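Trainee: Quick one, structure for this:
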Amino acid sequence: MELNNTSATLLPAALAGFVGADDTADALTHSYVYGRRNILSLYNSPGSYGVGKLLRSLAQSHFWDGLHAGTSVDPEAFSQNISKYGGPKFTAAFSGTSLEGTGDVANILTTYCKDLPIDAVAEGRVTTPFAVTVAELYHTPSSEEHPTLKANAPFLPILASVGASAACAAIGDWHCFSMIVLGMLCNAATSSALRSGDLTFTRPNTTPGAPAGDGFLEDGNEIVVLQGSESAVGSITRGRFSLRFPNEKALGRLATCATMSTLQCLAQLFVVPQGTLFGQLLFVLSLGVAWLYSSWMSSAGKKTKAKVVVNDLLKAPRMQRYSLGTRSSMAVFLMQVLKPANVEEQLAALIPNKTRVWTTWRQIVARRLRDEKPMFDATVRPTGTEGFTTEESTLLRTLLGDAQAAVNVYGAASARM
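Mentor: Next up, the predicted model:
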């Protein structure tokens, strides 16, 4: 089969607009939303149909952003990271505030903490392990900041697309040539539209005289303790990112790019099969290089967001991560770190079991944690448990052993600090 045979068709080439949208969108987000790349993405990329849908979602995610000029949208809408349940739950240790859902900043921090190494492991039994990260927030971000990161220029996919289009022109395959150039122009227009937005971090101002904002984020078996001022903690629990455009016209460019990406996909579906086999191979080559580049950039996207939050906004707070084998030991460890006044009430919120064993355990823990060096000797029968059955007494001793394991790991951690 000759490479310039126009009757040969590569089906993947025609359908390239329907795959790879997530990686392409993540790469654009990394480069032009959280990063401020100067060179546009002038290369042919896959997933144009999905990118068009995401651009439309981004344009429709605008919200009221106080008295600031311009129009703000949620940058997470472009990468389909908006959760209907919000971010992790937050519980304040002193004010009693409980937020069932936080936001993208808390999500980013919690995800970052999951990759931190464990500094200490509590001894004792293991049922459902919990990881507790203690973050000491020394720095408070301003009520409004504009973080930016530098991103490398996409020279490799640009050269691949330029080379592929030049080769198509050299063999006279104007069908594939026009589709590669169309993809380059649409992708460049999208990157230009995204770059016209200004990534903005905002947090609400706190009330003067507010108590310390210490509390913890809870995301399944991942707990993140936040220690710092109300403003510092509030920047995580109630802070948010927005992509702020100067006016509605600038925002309208996103909708225009969405339409262009959709039309690009349809054009490629009908025009690419009319090209030569060699031209279609060149078209696929340009997409393959772009896909590899986007996949690499997408994998770096999480680190980019974490760097914006942890390094730029919070100025690299000190973090220590601990592993505890049970929920009861995790709860006791939290009470030691946070030292709330209503220990028994907070324990009941963490472990709402209402049996007399659990009620007695919470009372014992709350009472003994007031001591400078609390001890939970499981071999000594606590007062008030004379009427317990053998099974109840065994369970109470087991739970007291969990409490002692938490005390031990907290003591070792305090000694290192």
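
Trainee: alpha carbons only for contacts and neighbour counts from here, please
Mentor: OK.

Trainee: Contacts only, for the residue nearest the centre of the chain.
Mentor: Per C-alpha atoms, centre = their mean, the C-alpha nearest to the average position across the chain is that of residue 108, at 3.5 Å. For residue 108, the contacting residues are 302, 305, 306, 309, by C-alpha atoms under 8 Å, 6 or more residues apart in numbering.

Trainee: could you redo the last one with a cut-off of 10 Å?
Mentor: By C-alpha atoms under 10 Å, 6 or more residues apart in numbering, residue 108 lies in contact with 87, 236, 302, 303, 305, 306, 307, 308, 309, 310.

Trainee: I'd like those as JSON lines, with secondary structure and neighbour count appended.
Mentor: Output for these, formatted as JSON lines (DSSP: H, G, I helix; E, B strand; the rest coil; neighbours: other C-alpha atoms under 10 Å):
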{"residue": "87", "secondary structure": "coil", "neighbour count": "23"}
{"residue": "236", "secondary structure": "helix", "neighbour count": "25"}
{"residue": "302", "secondary structure": "helix", "neighbour count": "15"}
{"residue": "303", "secondary structure": "helix", "neighbour count": "15"}
{"residue": "305", "secondary structure": "helix", "neighbour count": "21"}
{"residue": "306", "secondary structure": "helix", "neighbour count": "20"}
{"residue": "307", "secondary structure": "helix", "neighbour count": "20"}
{"residue": "308", "secondary structure": "helix", "neighbour count": "20"}
{"residue": "309", "secondary structure": "helix", "neighbour count": "23"}
{"residue": "310", "secondary structure": "helix", "neighbour count": "16"}
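
Trainee: gap between the host helix or strand of the residue nearest to the centre of the chain and the chain center?
Mentor: Applying DSSP states H and E as the criterion places residue 108 in helix 104-114. On the basis of C-alpha atoms, centre = their mean, to the nearest Å, helix 104-114 sits 5 Å off its chain's mean C-alpha point.

Trainee: cool, and stretch 36-44?
Mentor: Distance, stretch centre to chain centre, for stretch 36-44: 24 Å (C-alpha atoms, centre = their mean).

Trainee: what mean pLDDT does stretch 265-285 have?
Mentor: For stretch 265-285, mean pLDDT is 91.

Trainee: That stretch spans what distance, first to last residue?
Mentor: 17 Å (C-alpha to C-alpha, to the nearest Å).

Trainee: Could you give me the buried positions within that stretch?
Mentor: 265-269, 272-285 (16 or more other C-alpha atoms under 10 Å).

Trainee: Tell me how far residue 238 lies from residue 152.
Mentor: Computed as C-alpha to C-alpha, the residue 238 to residue 152 distance reads 31 Å.

Trainee: oh, I was asking about residue 271
Mentor: 33 Å.

Trainee: Residue ranges in the stretch 151-300 of the chain under the pLDDT threshold?
Mentor: 209 (pLDDT under 70).

Trainee: change it to 80
Mentor: Residues of the stretch 151-300 of the chain meeting the criterion pLDDT under 80: 151-152, 206-212, 299-300.

Trainee: which element is residue 124 on?
Mentor: Per DSSP H and E, there is no helix or strand for residue 124.

Trainee: Neighbours of the residue nearest to it when sequence neighbours are not counted, how many?
Mentor: In this structure, residue 124 finds its nearest non-sequential neighbour in residue 405, 6.1 Å apart by C-alpha to C-alpha, 6 or more residues apart in numbering. Using other C-alpha atoms under 10 Å, residue 405 has 26 other residues around it.

Trainee: okay, residue 405: pLDDT?
Mentor: Looking at residue 405, its pLDDT stands at 93.

Trainee: Can you tell me the element it falls in?
Mentor: Using DSSP H and E, residue 405 sits within helix 390-416.

Trainee: how about the strands in the stretch 1-150 of the chain?
Mentor: Counting by DSSP state E, counting those that start in this stretch, the stretch 1-150 of the chain has strands at residues 71-73, 89-92, 98-99, 120-121, 130-136, 144-145.

Trainee: One more: the stretch 151-300 of the chain?
Mentor: Using DSSP E, counting those that start in this stretch, strands in the stretch 151-300 of the chain cover 198-202, 215-219, 222-227, 240-245.

Trainee: Out of those strands, which is closest to residue 178?
Mentor: Proximity to residue 178 (C-alpha to C-alpha) singles out strand 240-245 among the strands of the stretch 151-300 of the chain, at 31.8 Å.

Trainee: What strands line up against that closest one, and which way round?
Mentor: strand 71-73 (antiparallel), strand 198-202 (antiparallel) (DSSP bridges).

Trainee: Tell me which of those strands sits nearest to residue 346.
Mentor: strand 198-202 (30.1 Å).

Trainee: and the closest one, how far out from the chain's middle?
Mentor: Distance, centroid of strand 198-202 to centroid of chain: 16 Å (C-alpha atoms, centre = their mean).

Trainee: now the strands of the stretch 1-150 of the chain in TSV, with mean neighbour count, distance to residue 343 and mean pLDDT?
Mentor: Shown next, in TSV, are those (neighbours: other C-alpha atoms under 10 Å; distance: least, C-alpha to C-alpha, whole Å; pLDDT from 0 to 100):
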stretch	mean neighbour count	distance to residue 343	mean pLDDT
strand 71-73	24	41	81
strand 89-92	22	12	92
strand 98-99	14	15	87
strand 120-121	15	23	93
strand 130-136	22	18	96
strand 144-145	14	35	90
